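[1] next comes the sequence, and after it the predicted model I'd like to discuss.
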Amino acid sequence: MSTAHLHLILNHIPLLGLLFGAALLGYGHWQSQEDVQKASLGLLAVAGLSALAVYLTGEPAEEMVEGLAGVSHDAIEAHEELGIYALVGGLATGLAALGALVYAHLRQHLARWTVIFTLALAVVSSGLIGYTANLGGKISHPELRGESASTMQNEAPNEVDHEEE
């Protein structure tokens, strides 16, 4: 498995984990179900902290794909620039969720403010990571970059017809 492949696999963990974790935490808070809130905080902790693995595999993945046909250097740079913000958002959410769980363990119950704070961070981080992932998708997908079909066909390898005489 290459580092580019690993980066593509790992990037789904923080994105989907934060989205589902935020939805679950919102539901648990709305229904006043502490067990659901604790489970979602655990999910948010793992998902948020996994952003570090995604970030650390980004540079080696870039080195593998830059220069390949159909890969956009501009898309790589845009994705890389926003990646640090996605990392900070993911780590902040993961640490807040972990902190909320530790606080709940020490106090024997979840504090409402820790749940709301973590939920707000999760929503913002989901947006940051989602936008960063969208930019990453444009690196090797010309159809996502809005390129025309004729541009994509011109980049395809030319096939030569060999007719027998």
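    Perfect, thanks for sending it.
[2] what is the burial count for the spatially closest residue to residue 24 that is not a sequence neighbour?
    What sits nearest to residue 24 in space, not counting adjacent residues and going by CB to CB, 6 or more residues apart in numbering, is residue 40, at 3.8 Å. No exception for glycine: its C-beta is placed from N, CA and C like everyone else's. A count of nearby residues for residue 40, using other CB atoms under 10 Å, gives 26.
[3] please list all residues in contact with residue 40.
    Applying CB atoms under 8 Å, 6 or more residues apart in numbering, we find residue 40 in contact with 21, 22, 24, 25, 28.
[4] please spell out the PyMOL selection for the buried subset of these.
    A single PyMOL command selects the buried members of the contacts of residue 40 (16 or more other CB atoms under 10 Å):
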select buried, resi 21+22+24+25+28
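[5] inside helices: which ones of the contacts of residue 40?
    21, 22, 24, 25, 28 (DSSP state H).
[6] verify the stated contact: the last one with residue 42.
    No - counting by CB atoms under 8 Å, residue 42 is not a contact partner of residue 28; they are 11.6 Å apart.
[7] helices of the chain, residue ranges please.
    For the chain, the helices defined by DSSP H occupy 3-10, 12-30, 34-49, 51-65, 73-107, 112-137, 149-155.
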